[in-house]
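>>> what shape does this take:
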Amino acid sequence: MNNRIVREITPLTEDDFFIILDHINAKFDFPIHYHPEFELNMVMHSKGRRIIGDSIKDYNNADLVLIGPNTPHAWTGHEIGARVITIQFQPELLGEKVMIRKMIHPIKELLERARLGVLFSQETTQNIAPRILQLSESSGFDSFLEFLSILYDLSISRNQIMLSSPSYVGQFDISKSRRIKLVNQYLHDNLQNTIKIGDVASLVNMSTSAFSHFFKKRTQRAFSDYLNDLRIGHASRLLIETEKNISEVCFESGFNNISNFNRSFKAQKGCTPSEFRSQQKLITKY
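Here you go, the predicted model:
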């Protein structure tokens with residue numbers, strides 16, 4: 001990552017299940033950063049912009065997001081009296097043998113989604129906020145049990161939104177299928193080049209039509225849409241983490257012309273590549 005994105009050393013120690021940081025009158029002066037711990041961040045009494053991976057979106061009043069390890073993130077705010085409560089915890093919170101238990105599966109799946117950044121609905125935020133506020137004022141074993149209860153309730157809550165694109169945060173292994181893994185590797189190795197579905201189908205010894213059906217069934221995405229998402233995610237990373245110009249980003253991401261790149265990028269991100277970079281740079285000033 002470039003110098004606009006910093007590695008944060010959190011105060012979490014090996015002796016902690018989790019820590020809570022309560023920022024009253026938050027200044028939002030910390031740059032875009034990442035760390036190997038999970039983070040549940042609740043922003044209150046503020047509005048501004050939030051960056052999670054390659055997602056740059058406005059937020060208003062109450063914002064509750066779970067962020068996975070090493071996913072870049074930051075908030076800007078514009079209100080006096082903003083309050084930010086941050087809960088950080090280790091990836092090994094419960095241990096591998098506990099996480100495979102059926103009862104814990106919802107939490108396990110939530111933590112897996114968190115690498116993209118999970119935004120919780122306003123209804124969920126309103127219901128959970130008082131419990132997070134109370135948790136920030138408590139300690140001891142009961143606080144640990146309540147934290148697990150909060151995680152579980154968040155895991156089964158409705159209308160969760162994944163924020164970052166999978167390709168930006170590196171979550172490429174979307175399937176245990178050997179064929180899908182082989183295809184993913186080929187796509188990432190050849191992203192800058194012209195990629196034909198027939199060539200990819202041949203790679204896994206399938207006809208084009210059979211591969212198209214197989215791929216959509218496994219990934220829930222058409223091959224062309226999936227490839228486009230990978231390219232947009234790669235372009236977003238270059239825009240955030242490098243100083244390469246738009247033309248360089250375009251061709252290094254596998255787009256054959258600027259017009260097509262701008263059109264595809266705006267369709268997915270809601271802004272042009274230039275606007276996306278400008279928004280990201282504005283956040284780094286806070």
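
>>> next one: the top helix by length along the chain to chain centre, how far?
Selection of the longest helix in the chain by residue count, based on DSSP state H, yields helix 223-241. A distance of 14 Å separates the centroid of the chain from that of helix 223-241, by Cα atoms, centre = their mean, to the nearest Å.

>>> go on, stretch 241-260?
Relative to the centre of its chain, stretch 241-260 is centred 22 Å away, using Cα atoms, centre = their mean.

>>> now I87, nearest residue through space, not along the chain?
L40 (4.3 Å; Cβ to Cβ, 6 or more residues apart in numbering). Every residue, glycine included, has its C-beta placed from N, CA and C.

>>> tell me which helix or strand that neighbour sits in.
Under the assignment given by DSSP states H and E, the secondary-structure element containing L40 is strand 38-52.

>>> please name every helix or strand in contact with the host helix or strand of L182.
Secondary structure assigned from DSSP H and E places L182 in helix 178-189. When contacts are defined as 3 or more Cβ pairs under 8 Å, 6 or more residues apart in numbering; DSSP states H and E, helix 178-189 packs onto helix 197-203, helix 208-219, helix 223-241.

>>> mean confidence score for that helix?
Mean pLDDT, computed over helix 178-189, is 87.

>>> next: stretch 58-75.
Mean pLDDT, computed over stretch 58-75, is 92.

>>> distance from that stretch to the middle of the chain?
Centre-to-centre, stretch 58-75 and its host chain are 9 Å apart (Cα atoms, centre = their mean).

>>> just the endpoints, please. Distance across that stretch?
The first and final residues of stretch 58-75 sit 10 Å from each other (Cα to Cα, to the nearest Å).

>>> pull out the buried residues from it.
By neighbour count with 16 or more other Cβ atoms under 10 Å, stretch 58-75 contains the buried residues 59, 62-69, 71-75.

>>> mind checking which of these are in helices?
Where the buried residues of stretch 58-75 are compared with helices, as defined by DSSP H, there is no overlap at all.

>>> that's all I had, so thanks and see you.
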